[in-house]
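In: Here's a sequence, model it:
(chains A and B)
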Amino acid sequence: MNKKLQTKIQEILGLENLMFSTPPKPEMGDIALPCFELSKEKKQNPAEFAKNFVEEFSLPADTIIKEVKAFGPYINLFLDTAKVSEMILEDINEDFGNNNIGQGKKVLIEYPSQNTHKEFHIGHMRNVCVGNTIVQVYRASGYDMIPMNYVNDFGRHVVKCLWGIQNSFKFGVQSSEIFDASNKQKVLGEIYAKASNYLKDHDKEYNEELDAIQYKLENGEEEITKLFEETKKWSTAGFLDLMNELKVEHDSIIYESEVKARGQEIVDELLNKKIAEVGEGGAIIVDLNKYNLDVALVRKSTGGGVYMTSDLALSEEKFKKYDVVESINITATEQNFYFKQLFKVLELFGFDKKMTHIGYGLVNLPSGKMSSRAGNVILYEDLRDKVLDHLEKETRARHEDWSEKKVKETAHVLTMAVLKFTMQKHEAEKVVTFDFDEAVSFDGFSAPYILYTVARINSLERKFTGKSNDEVNFSLFIEDEVKNLVLKIAEFPEIVEKALQNYNSSVIAKYCFDLAKTYNDFYNKHSVLNAENEELVKARLYLSTKVSQILTKALGLLTIDTVSEM
RNA sequence: GUCCCCGUAGUUCAGUGGAUAGAACGGGAGUUUCCUAAACUCUAAACACAUGUUCGACUCAUGUCGGGGACACCA
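Out: From the prediction side, this is the model:
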């Protein structure tokens, strides 16, 4: 419930700390006040309480409440459209929806933390989308956000990829296809996937070769180091382009190789403090069975580090480098258990900072799980190009008079909108099934539907020929469609708060759709520019402009841009 | 074997103890001399099962069945 509206209603009713809901049918009222809690204090049954309250209550004249009625255990309020419209709409400016919950607080967020030499698929895109929205929602709530990327450029995956380049003929890829490729980052990912699969099929046959490469790499052997440096450049340059395209602005990048050594020191300290112990075969472990978290491996029996070795140091580094109150990181839900272990080990180590892990569900295909082994991984770039191609054709067909440049620019904005919206339709932690046909159908709960609504409003603003003045006659707002729209607009600030509290971007996507739908209902029943008189034209245009402002702002939280025409 | 997540219309999802469980796609029937038909209107269709807690359960608890994931040298 909108705070201003809530305060006003409580003032009129003479009650405090009320929880409101919405009646199931419009003819039953606009806002409902359930009386279950209220009646407890007076030891009455809720229906009786509601009936008595309404009988005894005398509604003051000239307020936003037009009528008060009891419906069983509910007190339902009927609002005056003109008065509510004025109250809500006059508050709407660029800051509407912002709050200052996080004023003066800094928060670090780590995403998408992809590894070099690997492919960037639509699961990684989901990671970026979820992260982007959390950044925007936190910023709207007054937080100072520091987006950070953590990149592993030195693991076994790099070794496999380099081996793959040297042995690409084994799986039918010519050297020239790699070195002359236009998108080298993408090719590198494909080589990694192919090599990785090939190595799985040839079980330990090549382990010694891989070990040899790893040894050469770790000891700076000239030829392999040169190949490593060059390919790393391809990968990081390609990822940088992708991050720019997806509007991720990292304040810093930490490489795994930078924190590895400190991680080993922490393991030594864990041993000294008797938090860690030597386990089977000489590996170093932390026994977390007491906490129902099994056993965490912090160092291999060979003395080498594992993921957690570096993550321990990374966690420390994040708070050392920046004065933040919270550190958020985003990975697939597969790693939920791992992060519980990590956080517990840090806690035992005496680390008392707020660490939040957000797991997002896998992006599955109708045919099942994506796996490079089955060869059905959808790369981000391939999906993007396919959607773009489709949208260019659609846009061209709808606007034969547009220049090629305008068609391409519009299609590009729409493409990014479609991809980002599709990834955020569902709650982050839920597994989603990604259906390509559905993603490019663009009907219903989709980005084009919302952008189309914004474009229509923009069009109204362009076509308005009258004089604009600031006086809006709110008393002209009498229709139910207007009331629905105003009440929907009023919800926006609480939607932002809900997204913040639950780390959930899907509520914003849902809200954009609901608001657009409510507007389309109004638009189809009431003419704006052809209304009966100029005063009404101005009033409806004013309302439309407010809707477009909020849609643009809400889409902005999802890092989605709008188009003026489509 | 242990732990975690999930089972809601044909399909993909909403619904954080309250009124008659909502959308979208797909199915069926319609709407364009009028502000962009990438729109709108109408229609059929669902809480895996069982027990319990509660005035009240899709929501909480326990169990069964079904799906996914994680559990020591992979990241």
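
In: Pretty sure A:Ala32 sits in a strand.
Out: Yes: counting by DSSP: H, G, I helix; E, B strand; the rest coil, A:Ala32 is part of a strand.

In: residue contacts, it?
Out: Applying Cβ atoms under 8 Å, 6 or more residues apart in numbering to A:Ala32 gives the contacts A:20-23, A:71, A:74-77. Using the backbone N, CA and C atoms, a C-beta is placed for each residue, glycine as well.

In: Let's have these in a markdown table, adding neighbour count, secondary structure and distance to RNA strand B.
Out: Listed next are those as a markdown table, based on neighbours: other Cβ atoms under 10 Å; DSSP: H, G, I helix; E, B strand; the rest coil; distance: Cβ to the nearest atom of the strand, whole Å:
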| residue | neighbour count | secondary structure | distance to RNA strand B |
| --- | --- | --- | --- |
| A:Phe20 | 16 | coil | 9 |
| A:Ser21 | 12 | strand | 6 |
| A:Thr22 | 14 | coil | 7 |
| A:Pro23 | 17 | coil | 4 |
| A:Phe71 | 16 | strand | 4 |
| A:Tyr74 | 21 | strand | 4 |
| A:Ile75 | 26 | strand | 8 |
| A:Asn76 | 21 | strand | 5 |
| A:Leu77 | 22 | strand | 9 |
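
In: Against which helices or strands is the helix or strand of chain A with the lowest mean pLDDT packed?
Out: When the helices and strands of chain A are scored by mean pLDDT, DSSP states H and E, helix A:436-439 comes last with a mean of 73. If contacts are counted by 3 or more Cβ pairs under 8 Å, 6 or more residues apart in numbering; DSSP states H and E, helix A:436-439 sits against helix A:380-398.

In: can you give me the strands in chain A?
Out: Shown for chain A, the strands assigned by DSSP state E span residues A:31-34, A:65-71, A:74-79, A:106-110, A:144-151, A:252-255, A:277-278, A:284-287, A:295-299, A:326-332, A:354-360, A:363-364, A:432-433.

In: For those, give me TSV that also has mean pLDDT.
Out: Formatted as TSV, the strands of chain A follow (pLDDT from 0 to 100):
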stretch	mean pLDDT
strand A:31-34	94
strand A:65-71	94
strand A:74-79	94
strand A:106-110	97
strand A:144-151	96
strand A:252-255	93
strand A:277-278	95
strand A:284-287	96
strand A:295-299	95
strand A:326-332	95
strand A:354-360	94
strand A:363-364	83
strand A:432-433	78
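
In: In CSV: these, plus distance to A:Arg126.
Out: Converted to CSV, the strands of chain A look like this (distance: least, Cβ to Cβ, whole Å):
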stretch, distance to A:Arg126
strand A:31-34, 36
strand A:65-71, 43
strand A:74-79, 40
strand A:106-110, 15
strand A:144-151, 16
strand A:252-255, 21
strand A:277-278, 38
strand A:284-287, 31
strand A:295-299, 27
strand A:326-332, 9
strand A:354-360, 6
strand A:363-364, 6
strand A:432-433, 8
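
In: Among these, which comes closest to A:Val507?
Out: When the strands of chain A are compared by Cβ to Cβ, strand A:354-360 sits nearest A:Val507, at 14.8 Å.

In: And the contacts of that closest one?
Out: Contacts of strand A:354-360 (Cβ under 8 Å, 6+ apart): A:126-127, A:130, A:134, A:315, A:325-336, A:339, A:343, A:346, A:428-429, A:503.

In: buried ones in that strand?
Out: Across strand A:354-360, burial judged by 16 or more other Cβ atoms under 10 Å covers A:355, A:357-360.

In: related to what we said a few turns ago, can you flag the buried ones in the contacts of strand A:354-360?
Out: Neighbour counting with 16+ other Cβ under 10 Å marks A:126-127, A:130, A:134, A:315, A:326-333, A:339, A:343, A:346, A:428-429, A:503 as buried within the contacts of strand A:354-360.

In: Report the beta-bridge partners for the residue in the stretch 1-150 of chain A that RNA strand B sits nearest to.
Out: Closest approach between the stretch 1-150 of chain A and RNA strand B, counting by Cβ to the nearest atom of the strand: A:Ala32, at 2.6 Å. For A:Ala32, the beta-bridge partners are A:Ser21, A:Asn76 (DSSP bridges).

In: and the least confident helix or strand of chain A, how far from the chain's centre?
Out: With Cα atoms, centre = their mean, to the nearest Å as the basis, helix A:436-439 stands 20 Å off its chain's centre.

In: cool, stretch A:182-196 as well?
Out: The answer for stretch A:182-196 is 27 Å, by Cα atoms, centre = their mean.

In: Does it reach RNA strand B?
Out: No: Stretch A:182-196 lies out of reach of RNA strand B by Cβ under 7 Å from any atom of the strand, never closer than 9.7 Å.

In: Tell me the residues of the stretch 101-250 of chain A that contact RNA strand B?
Out: Taking Cβ under 7 Å from any atom of the strand as the criterion, the stretch 101-250 of chain A approaches RNA strand B at residues A:115, A:152, A:155-157.

In: least confident pick among these?
Out: Minimum pLDDT across these is recorded for A:Gly155, with 84.

In: Not counting sequence-adjacent ones, nearest residue to A:Trp234?
Out: A:Lys184 (3.8 Å; Cβ to Cβ, 6 or more residues apart in numbering).

In: so how far is A:Gln264 from the one you found?
Out: Distance of A:Lys184 to A:Gln264, computed by Cβ to Cβ, to the nearest Å: 33 Å.

In: Enumerate the residues of the stretch 451-566 of chain A near RNA strand B.
Out: Within the stretch 451-566 of chain A, the residues that sit near RNA strand B (Cβ under 7 Å from any atom of the strand) are A:452, A:455-456, A:458-460, A:463, A:498, A:501-502, A:504, A:506-507, A:510, A:513, A:517, A:520-521, A:523-524, A:526-530, A:564-566.

In: That'll do, ta.
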